[in-house]
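Visitor: what's the 3D shape of this:
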Amino acid sequence: MNNYIFPFLWMRGEPEEVIRNEIKKIYECGIRAACVEARPHDDFCGDGWWHDMDVVLDEAKKRDMKIWILDDILFIV
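Guide: As a prediction, this is how the structure comes out:
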């Protein structure tokens, strides 16, 4: 099955069970990939963000799903 839809998975520091459920819901819709939208996460690239990414990747691996990461956060100096 080809994937033509890659929904954003908004990362905001939700509890682990919420993240796992979101991946499950995407899969149940017949979608086999998602794009992690990291910018809203308060701990972007910090320990909390990496923990959440581990959860996303764990759930996606169980379902043979692909994960893309949108990483275009804007830093203004």
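
Visitor: CA atoms for contacts and neighbours, from now on please.
Guide: Noted.

Visitor: any idea how far Arg12 is from Glu28?
Guide: Distance of Arg12 to Glu28, given as Cα to Cα, to the nearest Å: 22 Å.

Visitor: Pick out whichever of the two has more residues nearby.
Guide: Neighbours per residue (other Cα atoms under 10 Å) separate Arg12 from Glu28, with Arg12 holding more: 17 against 10.

Visitor: was I right about that one contacting Phe44?
Guide: No - using Cα atoms under 8 Å, Arg12 makes no contact with Phe44, being 9.2 Å away.

Visitor: Overlap of the contact sets of the two?
Guide: Shared contacts of Arg12 and Phe44 (Cα atoms under 8 Å, 6 or more residues apart in numbering): Ala38.

Visitor: Identify the residues contacting the residue nearest to the spatial centre of the chain.
Guide: The residue lying closest to the centre of the chain (Cα atoms, centre = their mean) is Val36, at 3.7 Å. Applying Cα under 8 Å, 6+ apart to Val36 gives the contacts Phe8, Leu9, Trp10, Met11, Ile67, Trp68, Ile69, Leu70.

Visitor: In the chain, where is pLDDT below threshold?
Guide: Along the chain, the model assigns pLDDT under 70 to residues 1-3, 71-77.

Visitor: Show me which helix runs longest in it.
Guide: The single longest helix within the chain, with elements called by DSSP state H, is helix 47-62.

Visitor: Just the buried residues from the contacts of Val36, in PyMOL please.
Guide: Filtering the contacts of Val36 down to the buried ones (16 or more other Cα atoms under 10 Å) takes a single PyMOL command:
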select buried, resi 9+10+11+67
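
Visitor: Make CSV from the contacts of Val36 and add distance to Asp58 and secondary structure to it.
Guide: Listed next are the contacts of Val36 as CSV, based on distance: Cα to Cα, whole Å; DSSP: H, G, I helix; E, B strand; the rest coil:
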residue, distance to Asp58, secondary structure
Phe8, 17, strand
Leu9, 14, strand
Trp10, 17, strand
Met11, 15, coil
Ile67, 11, strand
Trp68, 14, strand
Ile69, 15, strand
Leu70, 18, strand
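
Visitor: In the longest helix of the chain, which residues are buried?
Guide: Going by 16+ other Cα under 10 Å, helix 47-62 has these buried residues: Trp49, Asp52, Met53, Val55, Val56, Leu57, Glu59, Ala60.
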